[in-house]
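In: Provide a 3D model corresponding to the input given below.
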Amino acid sequence: MSALQFLLLEANLPNAEVVQATLMEGGINCELLRVETRADFIRTLETDEIDLILADYALSSFDGIAALTIARRLRPDTPFIFISASLGEELAIAAIQQGATDYVLKQRLGRLVPSVERALRKVPELDKNTIKRKQAEVAVELELKDMRLLHELSARLLTEGDIQTLYQEIMAAAIALTRADAGTVQILDEATQELVLLATQGFERNMTEYFYRVNADSNTPCGMALKNSDRTFIDFDVPKSEDLDGSMQRHVEAGYLSAQSTPLITRSGKPIGMVSTHWREHHRPSDHQLRFLDLLARQAADLIEQRQAQAALRESEEKYRSLFNSIDEGFYLAEVIWDDAGKAVDISYLDENLVAMQIVGQSLKGRLMSEIDPNYEQYWRDTFGYTAKTGEAQRLEQYAKPNDMWFGFYVFKPEGVTDDRTIAVIFQNITDRKRREANFAFLASIANDLSRLSSADEIMQTIGAKLCEYLKLATVNFLDVDESRDELAVCYFWTRTDALSLLGTYRTKDYLNEEFVRVSRAGEMTIVGDTQTDWRTDARSYAALEVGSFVSIPFHRNGEWKFLLALSDPQPRDWRDDETELLQEFSNRIFPRLERARAEDALRESEAKYRSLFESINDGFCIVEMIFDENEKPIDYRFMQISPSFERQTGLVNAQGLRMRELAPDHEEYWFEIYGNVALTGQSTRFENRAEHLDRWFDIYAFPVGEPEKRQVAIVFNDISDHKQAEENRIRLIREQAAREEERQKAEALAELDRAKTVFFSNVSHEFRTPLTLILSPLEEALSSLSEQNQTGNGRMDGTRLHSPVHLKTQLQLAHRNGLRLLKLVNTLLDFSRIEADRTQANYEPTDLSTYTAELASVFRSAIENTNLQLVVDCPPLPSPIYIDREMWEKIVLNLLSNALKFTFEGIISVSLKPKANTVELIVSDTGIGIAASELPHLFERFYQVKGGKGRSYEGSGIGLSLVQELVKQHGGVIALTSVVDEGTTFTVSIPTGIAHLPAEQIGVASILVSTAVTANAFVEEAWGWLPEQEEGGRGQGELPLTKAQNFKLKARRFTLKAQNFKLKARRFKFQTSRGRVFS
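Out: I've put the predicted structure just below:
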């Protein structure tokens, strides 16, 4: 016999050799053709005669299922057997379902020869029944294996006392059930709301440390699963954009590509943790595996919760016992008693908890159901018996007549119990919920009845009968209340045939005491369980009416108690909460309906009277029938009924029966849209609108009438054209008044501006005139002196001071000083003008602000100290250069210092520079006269000057501080001040660091400092001008000749000022060394 041709799809040569050796040892005469790739596999199938195909499931180039698909297409009759080391039961079933003949695990290669022999015997046709049987066998084997796993695990866990071992067992079982490569168990730490990793398998230490604690609210798979109480699946090889914290990549680096996370949720619905399993390949567990995993999770959650409770019990047994007895679920352990025919005939209660006794009101332990009450339905014995015999748990809801209660219960066989008698029951009293559900259903049926009943008597007879039957009542009565006459009148009622009718009128005080009346007036329900013992009722009166208990519910109209709904029982009654809630809701529904029905009855009875009223009303009234096109768009309406006042209000004559388009073809579309919407939606509307065609304004109320399909709308309207005209007149008058007021305010503003300008020009004129006078006077005197010298002879001295060279020099210095003062004033005005016109040309350069500010402050030192004041400069180095416009900064510092000197007569003037977060602060403080609080809000206003302030000079334009504020704003900063009268003033300038706040085109580079001696001298010279003449060493015209001491003092001051200017220039040119770069 020739050798058989076998095709082996196997990438691993040693594995192929083992397969060939196994076949030879088993006596299989075959030639084994080995291929590795998809192309070779297809080519061999197309060209060679193949008797049998053997294939590895996991291939590098393509998977085994793809190979099976190809083989079934090219060689449908050729047997196909999988040989794999990783093929699990689920995958094996899937492979057989898709046409594989058999599968053999490499670990059990001894099965290969029998499998090949069976496959060859079945050629050319494989019976479908055999395939189904094999699939079933695999499924059954898998089911039994997993059930054994869970059963054995249950047995171990029930006796396991170490909770850490419990975690490890749960994790190992999860890995086994899902055929996973690794797994974890995480438990929720309720204090921190974190998932704590307490058991792992298959992970290195770095992974367990990284994921030891995970935020339970995070968007990780575990966090989402716990949050949603639902399992999550995830693949870790995702793009970086989806892996923001890198946790996915950590799994990939650890060798895992897929995972699932199943929340551990207790029977009470409380999430306590997470069990996760991981695979090294992309994988999703089968439904079978997930079902068993869910069983494990539920069992694990209960066991973990139990162990946690036991641990807590060991720590505080009394606390645990109190907690156990406070849970709202009862528990019974019971046995089913069977007769000889296998029918459940009784139940024996073996054990119970405290809650069970509280729910049923007695202890059932050690008693039979038949002894407790023989009237228990057979349902209970059959239900408990079914679970005892089959082991199938049941969750049900059932009414127990002997207890008059509804129970929601879960009956199951305890773990480890194998007999057909023992069951456990967990139950709750759900009577309240069931009663409320029944009440809702009853109210729904009442609502249906109310929608079809019309008259009040019909409503009371039908609805009253239903309510009394539902609640087992004797009467239901609807009463009119007339407090002015102290009367209650039963006007509508329903009475059971065996009960006494209460129709009639009663005096209120005979049946209701003051407390009852007070409560009813407040709109509150009154509940009386026994009229013979309740202090609010007259026992004799109610006995005569055969009313043993009742509930009354008041109804108010316009804030007054007008009606009463009373429901009674001839016997005393303990009214339940659900009953009174039902009655309250019943009253909320029936009161408005009864009132409307009564109104409709009254309307029908007096239609003629109301018709007369309708005819006489002043408002216009009509009923229109809306006309729609095929698209349900309103296009017209027909007047069905009109009132006599209709023609007077609209000017339309003989409109009844006609369409609006006939009467007014150009009538606006919005009228049709508004009325059409009322007809379609049934929603009324009130509005005001103008009818251009009728040249009138109308106030309109439109509402639907009649049956909805008739699409009729009632319209009540009033011509308000005169009112609208008057309103427009009022609006016009208001607008005219507003315009006049606006003009008045503008005039006041212009007057204020004119006043400010007048003050400003007055101040500026004085400011210009004073230095000009002090410039011209010395110059005229000097010219006169020179002229006299020319007349008396060159160099002739007549011994007078007028012709002294020293005196001429003094006069010229005086002119120079006032020229500087004039220059400062002009520059200030120009600066302010440029800022106002937004024409500033700033150049922000990186500057060592500490040194620069200290240099500027030192210019004033001589003048300040000459007044017996102390100048304190505290400008420590800053961490980095600050970008400023140096000219602006100079004016800020010098203005503030000048202001401080002007108003400080003793004490200290301080200048400091402090770095803050993202800003730097310049602080200029003095111990001067201070500023009144009322003046502070106006201090930075242009042209503003403090009134009555004592200073070294009364000169000023009133724009110095306003200019400083604008210069600070140019730097993106702010200026603030604090001041206390007679204590001093502090100005704080804060500017940002960096350049983000500055215009890019105005940012410059570091440059050498340029001398600003002229600007500084102008401020200093002005300050010297404020000092007394004795401090000046002789400044005025016509002053006495200087003494030697005075002359020396003047020369020393001039020398000091020149030395300061020289020093400032020198430092600015040398200031290039800090941090190895030029600062400016």
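In: My reading is that Ile304 is in a helix; is that accurate?
Out: Yes. Per DSSP: H, G, I helix; E, B strand; the rest coil, Ile304 lies within a helix segment.
In: Just give the number of residues close to it.
Out: Residues lying near Ile304 (other C-beta atoms under 10 Å) number 23. The way it works is simple: take the backbone N, C-alpha and C, and place the C-beta from them, glycine included.
In: Once you drop chain neighbours, what's closest to it?
Out: Using C-beta to C-beta, 6 or more residues apart in numbering and skipping the chain neighbours, the partner closest in space to Ile304 is Ile272 (5.9 Å).
In: Summarise which helices and strands the helix or strand containing that neighbour is packed against.
Out: According to DSSP states H and E, Ile272 maps onto strand 271-279. Packing partners of strand 271-279 (3 or more C-beta pairs under 8 Å, 6 or more residues apart in numbering; DSSP states H and E): helix 163-178, strand 182-189, helix 221-228, strand 258-265, helix 287-315.
In: How about residues contacting the helix or strand just after the second one?
Out: Right, strand 182-189. Sequence-wise, the next helix or strand downstream of strand 182-189 (DSSP H and E) is strand 194-201. With contacts defined as C-beta atoms under 8 Å, 6 or more residues apart in numbering, strand 194-201 is touched by 164, 167-168, 170-172, 175, 182-189, 207-208, 211-216, 222-223, 226, 273-274.
In: beta partners for the nearest residue to Leu364 once chain neighbours are set aside?
Out: Nearest non-adjacent residue to Leu364, counting by C-beta to C-beta, 6+ apart: Tyr349, 4.2 Å away. Beta-bridge pairing of Tyr349 under DSSP bridges involves Ala334.
In: ok, the residue nearest to Ile304 - contacts?
Out: Counted by C-beta under 8 Å, 6+ apart, Ile272 has contacts Ile187, Leu188, Leu264, Ile265, Thr266, Ala301, Ile304, Glu305, Gln308.
In: distance of the residue nearest the centre of the chain from Gln107?
Out: Central residue of the chain (C-alpha atoms, centre = their mean): Asp217, 15.3 Å from the mean position. Going from Asp217 to Gln107 by C-beta to C-beta, to the nearest Å gives 44 Å.
In: try Asn866
Out: 107 Å.
In: Which one of the two is surrounded by more residues?
Out: Asn866 (16 against 8).
In: per-residue pLDDT, the more buried one?
Out: You'll see Asn866 listed with a pLDDT of 87.
In: The one 4 residues further on too?
Out: Per-residue confidence (pLDDT) for Gln870: 94.
In: If I follow the layout properly, it ends up in contact with Val911?
Out: No. Between Gln870 and Val911 there is no contact under C-beta atoms under 8 Å: 11.8 Å.
In: ok, these two, which is more surrounded?
Out: Neighbour count, other C-beta under 10 Å: between Gln870 and Val911, Val911 has more, with 23 against 13.
In: so what's that one closest to, chain neighbours aside?
Out: In space, Val911 is closest to Ala857, 4.3 Å off (C-beta to C-beta, 6+ apart).
In: Quick one: residues contacting that neighbour.
Out: Counted by C-beta under 8 Å, 6+ apart, Ala857 has contacts Leu871, Val873, Cys875, Val893, Leu897, Val911.
In: tell me the SS of it?
Out: helix.
In: Quick check: it vs Ala863, distance?
Out: Taken as C-beta to C-beta, the span from Ala857 to Ala863 is 12 Å.
In: And Glu581, by the same measure?
Out: For Glu581, the distance to Ala863 (C-beta to C-beta) stands at 91 Å.
In: Burial check on Arg436, number of neighbours?
Out: The tally of other residues near Arg436 (other C-beta under 10 Å) stands at 14.
In: Enumerate every residue touching it.
Out: Arg436 makes contact with Asp578, Glu581, according to C-beta under 8 Å, 6+ apart.
In: Tell me the confidence at it?
Out: With respect to pLDDT, Arg436 has a value of 88.
In: looking at it, Ala11 is touching Glu36, isn't it?
Out: Yes. Using C-beta under 8 Å, Ala11 is in contact with Glu36, at 4.8 Å.
In: mind listing what's buried in the helix or strand harbouring Gly676?
Out: Assigned by DSSP H and E, Gly676 belongs to helix 669-681. Across helix 669-681, burial judged by 16 or more other C-beta atoms under 10 Å covers Trp671, Phe672, Ile674, Tyr675, Gly676, Asn677, Val678, Ala679.
In: Please apply the same query to stretch 903-918.
Out: Neighbour-count burial for stretch 903-918 flags Phe903, Thr904, Ile908, Ile909, Ser910, Val911, Ser912, Leu913, Pro915 (criterion: 16+ other C-beta under 10 Å).
In: returning to what we had before: save the contacts of Ala857 as CSV, and put in secondary structure and distance to Thr985 too.
Out: Listed next are those as CSV, based on DSSP: H, G, I helix; E, B strand; the rest coil; distance: C-beta to C-beta, whole Å:
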residue, secondary structure, distance to Thr985
Leu871, strand, 16
Val873, strand, 18
Cys875, coil, 20
Val893, helix, 16
Leu897, helix, 12
Val911, strand, 13
